[in-house]
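[1] got a predicted model here, sequence first, then my questions.
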Amino acid sequence: MKGGESLSDAFAAQGGLFPMLYSASLASGERSGELPNVLKRYIGYTRNILAIRKKVVGAMIYPSILVCASIILVAIMTFFVMPSFAGLFKDLGTDLPFYTQFLVDVSMTLRSQWQVIAGGVGLGIAAFLAWKRSPGGRIGFDKLKMRLPLVGPIIRDYAQNRFTRTLSTLVSGGIPLVTSLELAARASGSFVFERELMGVTVKVREGQPLWESLERTGYVSEMAVEMVKVGESTGSLVEMLDNASEFSEEEIDYKLSNMVTMIEPIMLVFMAMVVTGLLLAFYMPLFRAVGVEAGRRERLVGARLRLVGHRLS
């Protein structure tokens, strides 16, 4: 700045240290002479985005703990408990049920070939990460996340919320709509949204209404499209974008609460089924062996009684 650069150019020259949205907001504030108001609006935008992110992350903590607990439980049963029971089953000398025999075979294979399996899993993860970093992989992974049950709609609403919040902040700061769309597309946090919204930017530059371009993407909700349509026709686009953002935040809260409400019993039932299945696999051979032994003793006692009866007669 001492060398004559503007404040926005000075921040933009720092590379990726500051978001492009911040530098663009500074530039709009400098051009309009409303730098304090633009900064206040940027701070409000950042608070809203962080609040939504905290809600999403917080809602995923408990389900993640349940999933990790299930994985740890199955690993302990597979690598430590099942091999101990395998020796006992062998000593019993009884035919194992198919389910128990399958678990024993899987457990012994994992214990004996864990290096090979770990290497294969590592290679699979490395291949997945390499695919995810590629342009096609980023788009494909984002599409996959949006198709997930319960979580997918929340991811989609979150990306839409970031887009509408960012676009509202930039347009209100006096930045041209096309430039605002380009920056808002990159700030959506979704490669699918970014690709589709970059196409919207091209169509708006060619003269197509914003609401119509958004509607054709298929990724923006009907409510948001209608609000943008009203905003364009009445000259209150910023206000309608804010309303669309608030509406999507309410939808995110509602879907998060529903997701947590549904995931808790689903995970508990799943864990109960896993534990019950493992216990049955462990104890069914024991029950069968006890039954076989009891039948053998009954037959032996019956034979002795018949022999005694024959001698008495």
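    Right, received. Where do you want to start?

[2] Ser107: neighbouring residues, count only.
    Using other Cβ atoms under 10 Å, the number of residues around Ser107 comes to 20. Quick note: C-beta positions are derived from backbone N, CA and C, even for glycine.

[3] so it sits against Ala86, correct?
    Yes. Between Ser107 and Ala86 there is a contact at 7.0 Å, judged by Cβ atoms under 8 Å.

[4] where does pLDDT dip in the stretch 51-200 of the chain?
    Scanning the stretch 51-200 of the chain with the threshold set as pLDDT under 70 gives 87-95.

[5] return the set of buried residues in stretch 59-75.
    Ala59, Met60, Pro63, Leu66 (16 or more other Cβ atoms under 10 Å).

[6] which of those residues fall in helices?
    If you go by DSSP state H, the buried residues of stretch 59-75 have Ala59, Met60, Pro63, Leu66 in helices.

[7] dump the residue contacts of the last one.
    This means Leu66. Shown in contact with Leu66 (Cβ atoms under 8 Å, 6 or more residues apart in numbering): Ile263, Glu264, Met267, Leu268, Met271.

[8] okay, those residues in a markdown table with secondary structure and neighbour count next?
    A markdown table is the format used below for these (DSSP: H, G, I helix; E, B strand; the rest coil; neighbours: other Cβ atoms under 10 Å):
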| residue | secondary structure | neighbour count |
| --- | --- | --- |
| Ile263 | helix | 20 |
| Glu264 | helix | 13 |
| Met267 | helix | 17 |
| Leu268 | helix | 11 |
| Met271 | helix | 16 |
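
[9] just send the residues you listed back as CSV, with distance to Tyr45 and pLDDT too.
    Listed next are the contacts of Leu66 as CSV, based on distance: Cβ to Cβ, whole Å; pLDDT from 0 to 100:
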residue, distance to Tyr45, pLDDT
Ile263, 30, 77
Glu264, 33, 75
Met267, 35, 77
Leu268, 39, 78
Met271, 41, 77
